[in-house]
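J.: below are the sequence and a predicted model; questions follow.
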Amino acid sequence: EDQVTQSPEALRLQEGESSSLNCSYTVSGLRGLFWYRQDPGKGPEFLFTLYSAGEEKEKERLKATLTKKESFLHITAPKPEDSATYLCAVQASGTYKYIFGTGTRLKVLA
Amino acid sequence: NAGVTQTPKFRILKIGQSMTLQCTQDMNHNYMYWYRQDPGMGLKLIYYSVGAGITDKGEVPNGYNVSRSTTEDFPLRLELAAPSQTSVYFCASSAGQVVVKGELFFGEGSRLTVL
């Protein structure tokens, strides 16, 4: 069964304190792994797509990496505006469905 | 561009009532999805569609129905509402892997409370 597990559930950082969020997945052939950001009361907003092990994507203070079993979202020198819930999702080969993890709630303190 | 539009944003239902959550997208996407999000539970797929006239069940379809008569619209019908259907519902669409990055575009959500 396809499955996505995110850790930690919640993370509090001081402004400037870098850290990483983890997304472990089990899927029968990976078509793509996706990272989203969700602000309270809003729909998820797309950040990155990763397709194969070794791939990396960057956007401002965020960097996503992918191995055959997990993905990391690295946050470098975070700011309070980076506070949000970060969601990971996978899409298996041969399917149109996206399976989501439960997310990591990030709080960055000024 | 409006993207994905959901209505209503908020609704309170009594047990046993029925209603339809509306979803429309203006990006000409073939793939559309309905998810529900409960606190601490992530997004669970209810139904999805790969094109007009084609729908399929997701992880949690019981108590819901969908239709896809046009590319733009994908309404979600709740029959005989139950307290367990209290949740935030998100509609999403995708162009699919053939075209671009395959990401989902989400609406702002519909918050439903069943009392």
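T.: Structure's in. What do you need?
J.: just the residues contacting stretch A:49-68, thanks.
T.: Applying Cβ atoms under 8 Å, 6 or more residues apart in numbering or on different chains, the contact partners of stretch A:49-68 are A:30-35, A:47-48, A:71-79, A:82, B:101-103. No exception for glycine: its C-beta is placed from N, CA and C like everyone else's.
J.: quickly note the distance from the closest residue to B:Gln17 other than its chain neighbours to B:Ser110.
T.: Leaving aside its chain neighbours, B:Gln17 sits nearest to B:Ala81 (5.1 Å; criterion: Cβ to Cβ, 6 or more residues apart in numbering or on different chains). For B:Ala81, the distance to B:Ser110 equals 13 Å [Cβ to Cβ, to the nearest Å].
J.: which SS class is the residue in chain A positioned nearest to chain B?
T.: For chain A and chain B, the shortest gap (Cβ to the nearest Cβ) falls at A:Gly43, measuring 3.3 Å. What DSSP: H, G, I helix; E, B strand; the rest coil gives for A:Gly43 is coil.
J.: Provide a list of residues in contact with the closest residue to it other than its chain neighbours.
T.: Counting by Cβ to Cβ, 6+ apart, B:Phe106 is the residue found nearest to A:Gly43 once chain neighbours are left out, at 3.3 Å. Residues in contact with B:Phe106 (Cβ under 8 Å, 6+ apart) are A:Gly43, A:Pro44, A:Glu45, B:Val4, B:Phe90, B:Cys91, B:Ala92.
J.: cool, and B:Ser94?
T.: B:His29, B:Asn30, B:Tyr31, B:Met32, B:Tyr33, B:Gly102, B:Glu103, B:Leu104, B:Phe105.
J.: can you narrow the residues you listed to ones near chain A?
T.: B:Tyr31, B:Tyr33, B:Gly102, B:Glu103, B:Leu104, B:Phe105 (Cβ under 8 Å from any Cβ of the partner chain).
J.: and which of the residues you listed is nearest chain A?
T.: B:Glu103 (4.1 Å).
J.: looking at this, that closest one is in a helix?
T.: No: counting by three-state DSSP, B:Glu103 is located in no helix; its state is coil.
J.: that one touches A:Trp35, doesn't it?
T.: No: counting by Cβ atoms under 8 Å, B:Glu103 does not reach A:Trp35; the two are 9.5 Å apart.
J.: what residues do those two have in common as contacts?
T.: A:Phe46.
J.: in chain B, what residue lies closest to chain A?
T.: B:Phe106 (3.3 Å).
J.: what residues are bridge-paired with that residue?
T.: With DSSP bridges as the criterion, B:Phe106 is bridged to B:Ala92.
J.: and the strands in the chain, which stretches?
T.: No chain was given, so I picked chain A. Counting by DSSP state E, chain A has these strands, from start to end: A:3-7, A:10-14, A:19-26, A:30-38, A:45-50, A:56-59, A:62-66, A:70-75, A:84-92, A:98-100, A:104-109.
J.: meant chain B, my bad for not saying
T.: For chain B, strands defined by DSSP E occupy the ranges B:4-7, B:10-13, B:19-25, B:31-38, B:42-51, B:54-57, B:64-66, B:76-78, B:87-94, B:105-106, B:110-114.
J.: ok, and for the second one, which residues are buried?
T.: Applying a neighbour-count criterion of 16 or more other Cβ atoms under 10 Å in any protein chain shown, one finds B:Arg11, B:Leu13 buried in strand B:10-13.
J.: direction included, what does it pair up with?
T.: Sheet pairing for strand B:10-13, assigned by DSSP bridges, gives strand B:110-114 (parallel).
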